[in-house]
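[1] sequence-free structure coming up:
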């Protein structure tokens, strides 16, 4: 019995070591660089970087790069844009996933099956192709404006706007959320729904009191994955969004490549990492809640 914890630890050690070496160590190195440590593995990039803040000893730290980034109005606008797009995308995606899941659960018709199948189609389309298709669809000479002009009207140009980014992120994030929420709603026993209906509960009351509490874990997982994917998105805002304001993923690349400010780019990455870690805490809570409900913890 005493050997079992050791055996389990040894079995879990390889993936933990891989994550620590290829993910944890680069993160620690990048954070050290953002705090002014330009030696060791950071020496190469530090030789060609501009406007660096450095320290002389390993125990010293400097927040000069953080002060530069947070004082830059462009970064603050990009941060606000990123947070806004993330919130809107997450709320809309989770809401649409719940609508599809409820329609599929209570209808079961061929129309519901077709809707559920269409909702997961974006999962099989590369993000680059999807971004370009959405951009041309909403561009000044795209499908929407062409149809409006044919009918004698005029439609807004959404290409290269924050709205276009939001639409594209919703479209690319919906499949996973739909699968997660649908599986959670479908796993609720029919007996509970029928018992609530026999007690006189209306459909909204059944959803609020029966389905939602029992499907909260997959809903939280869908929301966290959607939020983190949107927060760190690069391809979609790069193809469909404006030059300014843009999302932090694009701004980070611009600081690193175009402005030759890698230390400031790492600071932006740290900001994204901190926000994503806060969102990821919800994912950990959801898994811990599911494990406790199953008696595994």
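    Great, that's in hand. Worth saying up front: this structure is predicted, and the values here are computed from it rather than measured.
[2] alpha carbons only for contacts and neighbour counts from here, please
    Will do.
[3] From the contact counts, what lies against the helix or strand of the chain with the lowest mean pLDDT?
    For the chain, counting by mean pLDDT, DSSP states H and E, helix 3-19 ranks last in confidence among helices and strands (a mean of 77). Judged by 3 or more Cα pairs under 8 Å, 6 or more residues apart in numbering; DSSP states H and E, helix 3-19 is in contact with no other helix or strand.
[4] Following that helix in sequence, what is the next regular element?
    Counting by DSSP states H and E, the next helix or strand C-terminal to helix 3-19 is helix 25-34.
[5] related to what we said a few turns ago, how big is the angle separating the least confident helix or strand of the chain from helix 25-34?
    Interaxial angle of helix 3-19 relative to helix 25-34 (axes from the mean of the first three to the mean of the last three Cα atoms, to 10 degrees): 50 degrees.
[6] roughly how far is helix 3-19 from the heart of the chain?
    Relative to the centre of its chain, helix 3-19 is centred 29 Å away, using Cα atoms, centre = their mean, to the nearest Å.
[7] cool, and stretch 14-21?
    On Cα atoms, centre = their mean, the centre of stretch 14-21 falls 23 Å from that of its chain.
[8] Same check on stretch 255-270?
    21 Å.
[9] And it, what's buried?
    By 16 or more other Cα atoms under 10 Å, the buried positions in stretch 255-270 come out as 255-256, 260-270.
[10] One more: stretch 269-279?
    269, 270, 272, 273, 276, 279.
[11] Was I right to think the second one contacts residue 31?
    Yes: using Cα atoms under 8 Å, residue 270 is in contact with residue 31, at 7.0 Å.
[12] who does the single longest helix found in the chain touch, helix- and strand-wise?
    If you go by DSSP state H, the chain has its longest helix at helix 73-106. The contact analysis (3+ Cα pairs under 8 Å, 6+ apart) places helix 73-106 against helix 110-119, helix 162-186, helix 216-231, helix 248-253.
[13] what about those helices, which gets the closest to residue 17?
    Among the helices and strands packed on helix 73-106, the nearest to residue 17 by Cα to Cα is helix 216-231 (23.5 Å).
[14] Tell me which other helices or strands the closest one touches.
    When contacts are defined as 3+ Cα pairs under 8 Å, 6+ apart, helix 216-231 packs onto helix 73-106, helix 162-186, helix 262-293.
[15] Buried deepest among those, which one?
    Most buried of the helices and strands packed on helix 216-231, by mean neighbour count (mean count of other Cα atoms under 10 Å): helix 162-186, with a mean of 23.
[16] quick check: angle from it to helix 73-106?
    30 degrees.
[17] Could you pull out the buried residues of the next helix or strand after helix 162-186?
    Next along the chain after helix 162-186, taking DSSP H and E as the criterion, comes helix 190-198. Buried positions in helix 190-198, judged by neighbour count with 16+ other Cα under 10 Å: 193, 196.
[18] Please enumerate residues in contact with helix 190-198?
    Under the criterion Cα atoms under 8 Å, 6 or more residues apart in numbering, residues 203, 206, 210 lie in contact with helix 190-198.
[19] pLDDT on that helix, on average?
    The average pLDDT within helix 190-198 is 88.
[20] Start at 4, not 1
    Happy to do that; since the first residue is 4 now, the last one works out to helix 193-201.
[21] how far does it sit from the chain's center?
    With Cα atoms, centre = their mean, you get 35 Å for helix 193-201.
[22] With stretch 181-190 instead?
    19 Å.
[23] and for it, what are the contacting residues?
    Where contact means Cα under 8 Å, 6+ apart, the residues beyond stretch 181-190 that reach it are 97, 99-101, 103-105, 107-108, 119, 122-123, 214, 217-218, 220-222, 224-225.
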